[in-house]
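**Student:** let's see this in three dimensions:
(chains A, B, C and D, ligands or ions: 4)
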2 protein chains.
Amino acid sequence: MQPSFEQQLINKKVKPTAMRLLVLEILNKELNAISLSDLVAKFEYAEKSTLFRTLKTFEEKRLIHRIDDGSGIVKYALCNNECDDIHEDEHIHFVCTQCKNTICLNEVKLPTIELPNNFTLKNLQITAKGICNKCNS
Amino acid sequence: MQPSFEQQLINKKVKPTAMRLLVLEILNKELNAISLSDLVAKFEYAEKSTLFRTLKTFEEKRLIHRIDDGSGIVKYALCNNECDDIHEDEHIHFVCTQCKNTICLNEVKLPTIELPNNFTLKNLQITAKGICNKCNS
DNA sequence: CTTAACTTTGCAACTTGGTTGCACAAAAAA
DNA sequence: TTTTTTGTGCAACCAAGTTGCAAAGTTAAG
Ligand SMILES: [Mn+2]
Ligand SMILES: [Mn+2]
Ligand SMILES: [Zn+2]
Ligand SMILES: [Zn+2]
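**Tutor:** Ligands and ions are numbered 1, 2, ... in the order given. From the prediction side, this is the model:
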């Protein structure tokens, strides 16, 4: 059984305010990665800056991770639970060119890349573009 | 022997104006990918919008390719010549976390990625972060 | 050569995403 | 309760990217 939203926040040492609970609820419902503006749009009346800071806090406290899918707009998605220690977000993101959704592909293994001499790799950021499973069916 | 800048433009069906020649010259000198603001900074007195449109034209006419290296700022680099037909920019980009340069790694092979069922891949965008050869030596 | 048509440039203005300062409200600590 | 810390609302700001429009420059037609 899933911990309550409140418990999720407390676990990550984030004070569970009303605002934060609402945002966490949205992020839990959401299948795809969402941007700040996406988030703002989900409220009838919302303060962009408050939501911005909420996302920032969530990221710092490792509830969510930040995704740059090449669209120029940063998106966020819930971390999978293993994220506690590493918080590396070592997985591929898929951008559907049709429905425009950005999806975390947690299952797909990251490839190994051979860099030229004297280049040291810290991390890989991979975005796959194409048609998603929903649009394909 | 390299074709002149003027010839490079004519080959790609771009009218060789003074402005465009200057920009192409800069891009040819430049080893790393540069942003619009980088480009603006290379002129003592320059119109952002003109340079913007120059880059746009160059991209459309396939003299340069656009790079999203995850910094949130789009950068541009000369296409290698094979680009004529495909213009896919199928290579990895490397971002040095120290000198902040973005480098096209034309040599490195793109890996093959296995996507989940019903996902169709159109293209992969890979950014490797770490320390570049210069900073490492 | 002269005029008309089209292209490029300069300049100002605007949009959007992201970010900050500040004052007030709310909560926690003393 | 008073003090201190934390969160929120609001306005303002910044940078990147983009556009409308008119002037300047080029090319094509008469
Ligand atoms: Mn992800
Ligand atoms: Mn490149
Ligand atoms: Zn889709
Ligand atoms: Zn470097």
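**Student:** beta partners of whichever residue of chain A sits closest to ligand 1?
**Tutor:** Using Cβ to the ion, the closest approach of chain A to ligand 1 is made by residue A:104 at 3.3 Å. Using the backbone N, CA and C atoms, a C-beta is placed for each residue, glycine as well. Counting by DSSP bridges, residue A:104 forms beta bridges with residue A:93.
**Student:** okay, it and DNA strand D: tell me how far apart.
**Tutor:** 25 Å (Cβ to the nearest atom of the strand, to the nearest Å).
**Student:** got it, and residue A:32?
**Tutor:** Distance, residue A:32 to DNA strand D, using Cβ to the nearest atom of the strand: 22 Å.
**Student:** I'd say that residue and residue A:78 touch.
**Tutor:** No: using Cβ atoms under 8 Å, residue A:32 is not in contact with residue A:78, being 10.9 Å away.
**Student:** returning to that earlier point: I'd assumed residue A:79 was in contact with the residue of chain A closest to ligand 1.
**Tutor:** No: contact between residue A:104 and residue A:79 fails when scored by Cβ under 8 Å: they sit 9.5 Å apart.
**Student:** I'd like the distance from the lengthiest strand in chain A to the chain centre, please.
**Tutor:** The longest strand of chain A (DSSP state E) is strand A:120-131. Mean-position distance between strand A:120-131 and its chain equals 15 Å (Cα atoms, centre = their mean, to the nearest Å).
**Student:** just after it, pick out the following helix or strand.
**Tutor:** Once the chain leaves strand A:120-131, the next helix or strand it forms, by DSSP states H and E, is helix A:133-136.
**Student:** contact partners of that following helix?
**Tutor:** A:96, A:98-99, B:116-120 (Cβ atoms under 8 Å, 6 or more residues apart in numbering or on different chains).
**Student:** run the last query once more with 10 Å
**Tutor:** Applying Cβ atoms under 10 Å, 6 or more residues apart in numbering or on different chains, the external contacts of helix A:133-136 come out as A:31, A:94, A:96-101, A:103, A:130, B:115-120.
**Student:** quick one: secondary structure of the nearest residue to residue A:59 once chain neighbours are set aside?
**Tutor:** Distance criterion Cβ to Cβ, 6 or more residues apart in numbering or on different chains; nearest residue to residue A:59, sequence neighbours excluded, is residue A:66 at 5.7 Å. Of the three states, residue A:66 takes strand under DSSP: H, G, I helix; E, B strand; the rest coil.
**Student:** report pLDDT for residue A:66.
**Tutor:** Per-residue confidence for residue A:66 comes out at a pLDDT of 95.
**Student:** show me the contacts for it.
**Tutor:** If a contact means Cβ under 10 Å, 6+ apart, then residue A:66 has A:33, A:55-56, A:58-59, A:74-77, A:89, B:70 as its contacts.
**Student:** could you measure from residue A:10 over to DNA strand C?
**Tutor:** 11 Å.
**Student:** ok, that residue - contacts?
**Tutor:** A:3-4, A:16.
**Student:** and these, which are buried?
**Tutor:** Among those, not one is classed as buried by 16 or more other Cβ atoms under 10 Å in any protein chain shown.
**Student:** that'll do, ta.
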